[in-house]
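# Here's my sequence, what's the structure:
(one chain, ligands or ions: 1)
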Amino acid sequence: MGDSDRAAPTADEPVATAFEGLGGEDGVRVLVDHFYDLMDLEPRYAGLRALHPAALDGSRDKLHWFLCGWLGGPDHYVDRFGHPMLRARHLPYAIGVAERDQWLACMGQALRECQVDDGVAQRLIKAFFGTADWMRNK
Ligand code: HEM
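Residues are numbered from 1 along each chain as shown. This next block holds a predicted model:
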């Protein structure tokens, strides 16, 4: 896995992994579900929503499986699909600054509304920025 594919915990972090900080698999699922609920409902994420399939069930499962591993928990995504190759898998979608910023705003809102611990949320927002920015392809 490349550096950009993983939010590596560092030695001085208060919880061992962001995965634990979020409350494990169930906590990650709550966050992912809220992220896609917001994307579906909020008009300000309509551009981002339009890139996704009509039914979001597959997207929910894939992001959940991916984040569990990326945040330091079990590697469900890799077990099913192999290397994430996230940038390559996003090439079919035109992603610029606007799309990146909608994704990050939607995730930021989900983190706030799921009442994720501030320290964990700050770390995640930084890690998400790096990955989302690296996904830009236009
Ligand atoms: C930069 C803005 C982003 C946009 C516009 C975007 C958009 C999309 C779209 C349209 C899909 C396809 C959904 C589907 O097939 O159901 C997708 C899949 C996915 N996205 Fe993103 N995404 C972004 C950032 C991210 C970030 C930051 C992450 C992880 C931290 C991520 C993780 C994933 C994963 C794991 C999949 C499933 C890939 C697969 O197996 O096909 N995305 N994304």
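
# Get me the contact residues on this protein for the ligand.
Residues of the chain lying near the ligand by C-beta under 6 Å from any ligand atom: 48, 51-53, 58-59, 62-63, 66, 81, 86, 89-90, 93, 95, 99-100, 103, 128, 131-132, 135. (Each C-beta comes from the backbone N, C-alpha and C, glycine too.)

# Out of the residues you listed, which end up buried?
Among those, those classed as buried by 16 or more other C-beta atoms under 10 Å are 48, 62-63, 66, 86, 90, 95, 99-100, 103, 128, 131-132, 135.

# Can you list which of the residues of the chain next to the ligand are found in helices?
With helices defined by DSSP state H, the entries of the residues of the chain next to the ligand inside them are 48, 51, 58-59, 62-63, 66, 81, 86, 89-90, 99-100, 103, 128, 131-132.

# The closest residue to residue 108 other than its chain neighbours: what's it in contact with?
Residue nearest to residue 108 in three dimensions, not counting chain neighbours: residue 125, with 6.1 Å by C-beta to C-beta, 6 or more residues apart in numbering. Contacts for residue 125 (C-beta atoms under 8 Å, 6 or more residues apart in numbering) come out as 104, 107, 108, 111.
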